[in-house]
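**Student:** what follows is a protein structure lacking sequence information:
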């Protein structure tokens, strides 16, 4: 779908190819008033996974880097962590060792690093970290390791009266602190995993205290549950990159009328990372099979993205 | 604040009085660009309780009438209920007896009447009920027993670029089925109590199954928790009518900048009901004291509302 003349390409970082064509075709179809596939703006709900879909997730989820940095900040108050797993591995920045402890190790680390403060305090901790932390490979702030083609897609959808939501396994309050600035997605359109919070009336006024208890896991089967709970409408477009997004894509696909289901396939070891079926982080296996079978859009990052990160966009 | 000339009164069902004046003053202040109290549209979040604030709640919560009607529909499959409390009381429409069983009786009834189907099936059940059920005193559909002055307030706020949310102890999926039609509030702006749902892949496609387990209680301390979870921003206006709204009002009041906290005080035994400190349903006691102390707006229904229900509006 070549654009010419005065019309500007809304997706300049996407090479001409099947994925770009299918996005343009879908948006044109649902926004053409009077046509068979027209969808009124109120139902133009688009949901996006975050880790591996809107930003990178290697060597591990960026929120895990945050958690490991928090372990280092908190260890003076917990000297016993020096010899105790998974904290010992965390202190050594050994992602693989932390992840080898499975869900229990992960929850142990998330609970001690994400609770025990108020919602306001936690937001400030995240903001301070996201402003100062640097990715181990690129040396860039994590907020620069977002995908330029996906930023363009978010803008393009919003320009066509879609509401764009994040539906991520990541922490809802971790994301809300910075995603509005980075993706243009306001807090009320961020759905994620959460821990319990408790209302407390203190001398200085009411606070919400973050408790070391899991409230909601917004991953796999949790994603359609989260969508239904927070939005109460079925999306017409869903984008993910891993098996954790499969149920969200299935839920989106099962609605009536035109639908768009997309997967970012990490095929670019040069500019980003190449991984799918065998990756511990961001495994893409069953969802890839289903996408092929159902004819969903699978974005071949290596060939379909002209640029990956915003800092390459000027080249 | 008398309006005259070609300017139309945005709140015609409110008598001139302190509550109407304080609403008009607040909205004018936060929407006057360049003035000290201006609030950008993105932060104009207004939250409303539902039972007793947007519609009546006597002789008991309308959702309880729904639950009791469901018990009658389901009893052929559960003959044992005939002699078993709280179901026996439910079958006799004895609200007082059901409520005397306390929280446990209520949860027992809510679980059996609100679970065991899919989200789509439940929505249809609610829609069928709300279309056919009639209030025992007025003989009107429950959706006509909404407060005309509050409908006008919702419209007035939205005309001034507020986003209006419901934050109710009532069931989120019970409300979402009909509140968009009745209040103009879309599903994603409805926060309420919920039971767990579970994603299941069936032959006909994926479904969300409603489970007999409490997920979230959006009342008292739960209201600020729900607001923070679903919206992630602090409201600048909150309206309730009972002690169950106190923490929501405190949370709203504790933010920076201009704030509006309001309570509907049920003082009208003629046109609606008169109750406050001694009522089991909609008890208004601590919140009334705090409102007086803090100078929040307390709406005296009997003297400040020219009409209560929409059907009186034409008179």
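**Tutor:** Good, I have the coordinates. Treat the numbers as computed from the prediction; the structure is a model and nothing was measured. Numbers count the residues shown, from 1 in each chain, chains lettered A, B, ... in the order given.

**Student:** please list the residues of chain A that sit near chain B.
**Tutor:** Residues of chain A found near chain B (C-beta under 8 Å from any C-beta of the partner chain) are A:42, A:119, A:172-173, A:176, A:186-188, A:190, A:194, A:197-199, A:201, A:205-206, A:208, A:221-222, A:224-225, A:228-233, A:247, A:250-251, A:254. (Glycine included, C-beta is placed from N, CA and C.)

**Student:** mind checking pLDDT for the most far-flung residue of chain A relative to its centre?
**Tutor:** Farthest-out residue of chain A from its mean C-alpha position, per C-alpha atoms, centre = their mean: residue A:203, at 37.2 Å. Per-residue pLDDT puts residue A:203 at 93.

**Student:** returning to that earlier point: out of the residues of chain A next to chain B, which are buried?
**Tutor:** Using 16 or more other C-beta atoms under 10 Å in any protein chain shown as the burial test, these include A:119, A:172-173, A:176, A:186-188, A:190, A:194, A:197, A:199, A:206, A:208, A:221-222, A:224-225, A:228-233, A:247, A:250-251 as buried.

**Student:** okay, and which of these map to helices?
**Tutor:** Per DSSP state H, helices hold the following members of these: A:119, A:172-173, A:176, A:222, A:224-225, A:228-230, A:247, A:250-251.

**Student:** how about CSV for those, with pLDDT and distance to residue A:76 added?
**Tutor:** Rendered in CSV, the data for those read as follows (pLDDT from 0 to 100; distance: C-beta to C-beta, whole Å):
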residue, pLDDT, distance to residue A:76
A:119, 97, 24
A:172, 98, 29
A:173, 98, 24
A:176, 98, 28
A:222, 98, 35
A:224, 98, 42
A:225, 98, 39
A:228, 98, 43
A:229, 98, 39
A:230, 98, 38
A:247, 98, 42
A:250, 98, 47
A:251, 98, 45
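
**Student:** what two of the residues you listed have the greatest distance between them?
**Tutor:** Within those, two members stand farthest from each other by C-beta to C-beta: A:119 and A:250, at 32.8 Å.

**Student:** and residue A:303, its phi and psi?
**Tutor:** With angles defined as degrees, to the nearest 10, residue A:303 shows backbone torsions of phi -100, psi -20.

**Student:** what residue in the stretch 51-200 of chain A comes nearest to chain B?
**Tutor:** Proximity to chain B, evaluated over the stretch 51-200 of chain A using C-beta to the nearest C-beta, is greatest for residue A:187 at 3.0 Å.

**Student:** return the residues in contact with that residue.
**Tutor:** With contact taken as C-beta atoms under 8 Å, 6 or more residues apart in numbering or on different chains, residue A:187 is in contact with A:176, A:179, A:180, B:231, B:232, B:233.

**Student:** could you do residue A:194 as well?
**Tutor:** Applying C-beta under 8 Å, 6+ apart to residue A:194 gives the contacts A:171, A:172, A:173, A:214, A:215, A:216, A:218, B:229.

**Student:** of these, which is the nearest to residue A:33?
**Tutor:** For residue A:33, the closest of these turns out to be residue A:218, at 34.4 Å, with distances computed as C-beta to C-beta.

**Student:** element containing that closest one, please.
**Tutor:** Here residue A:218 is covered by no helix or strand, with elements defined by DSSP states H and E.

**Student:** now the stretch 1-150 of chain A, which segments are flagged as low pLDDT?
**Tutor:** Low-confidence regions of the stretch 1-150 of chain A, defined here as pLDDT under 70, cover residues A:1-6.

**Student:** quick one: residue A:291 and residue A:263 touch, right?
**Tutor:** Yes. Look at residue A:291 against residue A:263 with C-beta atoms under 8 Å: they come within range, at 5.2 Å.

**Student:** what's the overlap in contacts for these two?
**Tutor:** By C-beta under 8 Å, 6+ apart, residue A:291 and residue A:263 have these common neighbours: A:249, A:297, A:298.

**Student:** ok, back up a step: distance to residue A:96 added to the contacts of residue A:194, as CSV?
**Tutor:** Shown next, in CSV, are the contacts of residue A:194 (distance: C-beta to C-beta, whole Å):
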residue, distance to residue A:96
A:171, 21
A:172, 27
A:173, 27
A:214, 24
A:215, 28
A:216, 27
A:218, 24
B:229, 33
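
**Student:** ok, these vs residue B:53, which is closest?
**Tutor:** Of all the contacts of residue A:194, the one with the least separation from residue B:53 (C-beta to C-beta) is residue B:229, at 20.5 Å.
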